[in-house]
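Below is the sequence, then the predicted model.
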Amino acid sequence: MNETIARLNAQINSQNELYNRNTSEIVVSVSAEAATSAELEINYVVANAGWYPIYDLRSANTKNPVKLSYKANVFQSTGEEWKNVKLKLSTANPNQSGLKPELTSWFLDFYQPIAYSLSAKAAGMVSRSAPAMETKDYKEEVDAQSVADYVTTIQTTLNTEFDISLPYSVSSASKPTLVDIRSYEMKSDYVYSVAPKLDADAFLIAKATGWEDFNLLPGEANIFFEGTFVGKSYIDPNNIKDTLSVSLGRDKRIVVKRDKLKDLTSRSFMGSTKKESYAWEISVRNTKTESIKIIVEDQVPVSQNTQIEVSVLETGGAKYNKATGKLEWELEIKPNETKKMTYKYEVKYPKDKQISGL
């Protein structure tokens, strides 16, 4: 019996190997009224090929717009080498259903537990899909700007297609191939931002507008400023509002300090109530040779209990969001100028209680 089982398992394994072999056979049914010669062009979809976007965001200085290079990492593992093919990248996803879901009746009833003598386990499968594509190989000797000149953007009713006229070769491999799609310039405003409670360094932020016209997809972005790589970010058009904010790095020439004013910080008791008062001073000095715009952020606590009362006594001219406790100052500081902001708040709560997070 063991010999029979071993022989049958060997047959099963040999048959299973056939499913893993790459084949190039397509069966086509043709109907014709009379015998004739014909040329057939076959279009087909493969699951193990796709592309995902990657971006380069470059800013030469604070006087120029931000340049966005729209690129694609193309991959395919069909077992077939794509040599000198013309590619069309599409934002459509053939693996995603295009049928509108239908609501069914939502019934309510009382829960009645049912006892089972046996339990069953179900195995699931997780799949990862990518946008559809006809694709290309990136050649280092071809300038990125010239490559983008050979791309035509086609806006269909539901999707966007990038038609690339230069031929490329894409190997069947796990490593993706980098493809240049387009380069854009975005009108940008530059402003500094600092949250001294978390970090005393000021960060230069580029606020770019007009990105909605570029048909962007969610993807990783490499950030360059003044010719230097400063880090990575992530662009998600679904969560960006009108302005795309990009952090370009720290500027040590802006000196920021946040100090607790001990003379205005106190703790007292009133009957069964304990009161704690706090005061903070933030100073920002611009040691640069040009004026800057800077956004300073801080916060006061927000109560989550009716027995804890938070009162803001002074905002120092900041915009105050009562729901989040956020304080925000928008300042313009001249060269070698220092500006100071002071804010105060107090917290009242029962003296026999302890507060976490204060």
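That came in fine, so what should we check first? Quantities reported herein were computed from a predicted structural model and do not represent experimental measurements.

Show me where the stretch 51-200 of the chain has its helices.
144-148 (DSSP state H, counting those that start in this stretch).

what about Cys102, how many neighbours?
Just so we're on the same page, residue 102 is Glu rather than Cys. Counted with other CB atoms under 10 Å, the neighbours of Glu102 add up to 5. (C-beta placed from N, C-alpha, C; glycine too.)

oh sorry, the question was meant for Val310
By the criterion of other CB under 10 Å, Val310 has 16 neighbours.

ok, and the closest non-adjacent residue to it?
Leaving aside its sequence neighbours, Val310 sits nearest to Ser303 (CB to CB, 6 or more residues apart in numbering; 4.9 Å).

burial of the one you found, as a residue count?
14.

That one is in contact with Val312, isn't it?
No. Applying CB atoms under 8 Å as the test, Ser303 and Val312 come out as separate, 11.7 Å apart.

quick check, the residue nearest to Val310 in a strand?
No. Applying DSSP: H, G, I helix; E, B strand; the rest coil, one finds Ser303 to be coil, outside a strand.

Look up the pLDDT of it for me, please.
pLDDT recorded at Ser303 is 91.

measure it to Ser356 for me?
In this structure, Ser303 and Ser356 are 12 Å apart, going by CB to CB, to the nearest Å.

Would you map the strands across the stretch 251-358 of the chain?
Using DSSP state E, counting those that start in this stretch, the strands of the stretch 251-358 of the chain run over 254-260, 266-270, 273-286, 292-299, 309-314, 319-321, 326-333, 338-350.

who wins for proximity to Ala72 among those strands?
strand 292-299 (34.4 Å; CB to CB).

what about stretch 278-285, distance to the chain center?
How far stretch 278-285 lies from its chain's middle: 34 Å, per CA atoms, centre = their mean, to the nearest Å.

Out of the strands of the stretch 251-358 of the chain, which gets nearest to Pro65?
Of those, nearest to Pro65 by CB to CB is strand 292-299, at 16.9 Å.

So which elements touch that closest one?
strand 173-195, strand 254-260, strand 273-286, strand 326-333 (3 or more CB pairs under 8 Å, 6 or more residues apart in numbering; DSSP states H and E).

Tell me which strands it pairs with, and in which orientation.
As defined by DSSP bridges, the strand partners of strand 292-299 come to strand 173-195 (parallel), strand 326-333 (antiparallel).

Next, give phi and psi for Asp352.
phi -90, psi 10 (degrees, to the nearest 10).

Near it, how many other residues are there?
7.

For the longest helix along the chain, give the mean pLDDT please.
Looking across the chain with DSSP state H, the single longest helix is helix 2-19. Here helix 2-19 scores 89 as its mean pLDDT.

distance of Lys63 from Glu337?
Using CB to CB, Lys63 is found at 21 Å from Glu337.

So for these two, which residue has more residues nearby?
Using other CB under 10 Å, the more surrounded residue of Lys63 and Glu337 is Glu337, with 14 against 8.

now the more buried one, nearest residue through space, not along the chain?
Asn286 (5.6 Å).

Then Val191?
Nearest to Val191 is Lys293, by CB to CB, 6+ apart, at 4.6 Å.

what about the one you found, how many neighbours?
Applying other CB under 10 Å, we find 14 residues neighbouring Lys293.

Equivalent analysis for Ser14, please.
By the criterion of other CB under 10 Å, Ser14 has 9 neighbours.

Contacts only, for it.
By CB atoms under 8 Å, 6 or more residues apart in numbering, the contact set of Ser14 is empty.

give me the low-pLDDT residue ranges for the stretch 51-200 of the chain?
115-158 (pLDDT under 70).

which stretches of it form strands?
66-76, 82-90, 133-134, 151-155, 160-170, 173-195, 199-209.

Thank you kindly, that will do.
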